[in-house]
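Enquirer: Sequence and predicted structure below; questions after.
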Amino acid sequence: MSPISYNLQAVRERIAADARTALRDPQSVSLLAVSKTFGPDAVIEAADAGQRAFGENYLQEAVDKMTAVRAARPGLALEWHFIGPIQSNKTRPIAEHFDWVHSVDREKIAQRLSEQRPAQLPPLNICLQVNVSGEESKSGVAPDEVAALARKVAGLPRLALRGLMAIPEPTEDTERQHQPFRQLRGLLESLRAEGLALDTLSMGMSADMDAAIAEGATIVRVGTAIFGHRHYAK
């Protein structure tokens with residue numbers, strides 16, 4: 001068994017154990033393998049071990065990787081999620097190449113993705129990124145502005161608003177890990193009470209996914225625990 005296959009199995013077992021602890025069906029939590037900074041070979045190795053959903057932060061790197069993976073595995077159907085900050089001039093290739101976008105935090109970005117999503121593709125699945133920790137350096141819509149943005153995005157063609165995403169401020173304090181995830185879940189529940197058909201909470205990473213699953217995560221975004229530590233130097 002390859003290192004990535006071994007790590008994937010360990011992460012899946014951890015997700016299942018966390019879900020059972022929270023009295024949840026393990027099948028209700030999906031694993032998004034965050035493959036940013038790792039090459040096509042790592043994606044192929046994970047795909048050969050059964051992983052199908054991959055998260056990317058850097059647009060050009062992601063598009064190059066998709067092309068390489070398709071060339072190496074022509075019949076392999078993978079699901080690609082864009083999870084990084086979005087610049088206005090990058091929306092067209094995101095709309096053209098990805099199945100999901102987790103990091104929409106402005107109406108302008110959603111509008112451009114809607115206009116630029118090719119008609120022959122299914123609607124682009126959207127999560128709104130919420131800045132639950134209030135960090136000035138972090139992307140995301142403020143919690144008190146989520147409802148207004150959600151109503152606008154839900155009305156745009158070629159998009160399917162699915163739910164909310166957050167990247168809370170890191171902490172090793174277990175209770176402090178739970179609080180922002182609990183807040184995000186409360187925001188989702190309030191939007192559903194308004195009549196929006198949302199089903200996704202994208203929250204939790206390698207270091208805090210136990211708390212996220214306990215608070216209702218439906219997608220956990222895991223990179224380091226699968227692929228190892230990243231090397232950002234180009």
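Expert: Noted; the coordinates are in hand. Residues are numbered from 1 along each chain as shown.

Enquirer: if you go through this protein in chain order, where are the strands?
Expert: Secondary structure of the chain by DSSP state E: the strands cover 30-34, 53-56, 79-82, 100-104, 124-129, 159-165, 200-202, 219-222.

Enquirer: So which of these is nearest residue 88?
Expert: strand 100-104 (12.1 Å; C-beta to C-beta). (Each C-beta comes from the backbone N, C-alpha and C, glycine too.)

Enquirer: so where is this structure shaky, pLDDT-wise?
Expert: 231-234 (pLDDT under 70).

Enquirer: how far away is the nearest residue to residue 45 once chain neighbours are set aside from residue 205?
Expert: Distances taken as C-beta to C-beta, 6 or more residues apart in numbering put residue 4 closest to residue 45, at 4.6 Å, once the chain neighbours are dropped. From residue 4 over to residue 205 the distance is 17 Å, taken as C-beta to C-beta, to the nearest Å.

Enquirer: Neighbour count: these two, which is higher?
Expert: Between residue 4 and residue 205, counted using other C-beta atoms under 10 Å, the more crowded position is residue 4 (23 against 18).

Enquirer: what residues are up against residue 106?
Expert: Going by C-beta atoms under 8 Å, 6 or more residues apart in numbering, residue 106 touches 141, 149.

Enquirer: now with 10 Å?
Expert: By C-beta atoms under 10 Å, 6 or more residues apart in numbering, the contact set of residue 106 is 86, 88, 112, 128-129, 139, 141, 149, 153.

Enquirer: In CSV: the residues you listed, plus distance to residue 197.
Expert: Compiled in CSV, the contacts of residue 106 are given as follows (distance: C-beta to C-beta, whole Å):
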residue, distance to residue 197
86, 24
88, 28
112, 23
128, 14
129, 19
139, 25
141, 19
149, 16
153, 13
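
Enquirer: Restricted to helices, list the residues you listed.
Expert: Among those, DSSP state H puts 112, 149, 153 in helices.

Enquirer: Dump those to JSON lines, plus distance to residue 201 and neighbour count.
Expert: Converted to JSON lines, the ones in helices among the contacts of residue 106 look like this (distance: C-beta to C-beta, whole Å; neighbours: other C-beta atoms under 10 Å):
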{"residue": "112", "distance to residue 201": "25", "neighbour count": "19"}
{"residue": "149", "distance to residue 201": "16", "neighbour count": "19"}
{"residue": "153", "distance to residue 201": "16", "neighbour count": "23"}
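
Enquirer: What is the nearest of those residues to residue 100?
Expert: The closest of these, once distances to residue 100 are taken by C-beta to C-beta, is residue 153, at 13.7 Å.

Enquirer: didn't that closest one look like it was pressed against residue 113?
Expert: Yes: using C-beta atoms under 10 Å, residue 153 makes contact with residue 113 at a distance of 9.2 Å.

Enquirer: Can you pull the domain assignment for the chain?
Expert: The chain breaks down into these domains under automatic domain parsing: 1-82, 89-214.

Enquirer: Figure out which of these is closest to residue 226.
Expert: Of all the domains of the chain, domain 1-82 comes closest under C-beta to C-beta, at 4.8 Å.

Enquirer: who's in contact with residue 147?
Expert: Residue 147 touches 141, 187, 190-191, 194, 196, counting by C-beta under 10 Å, 6+ apart.
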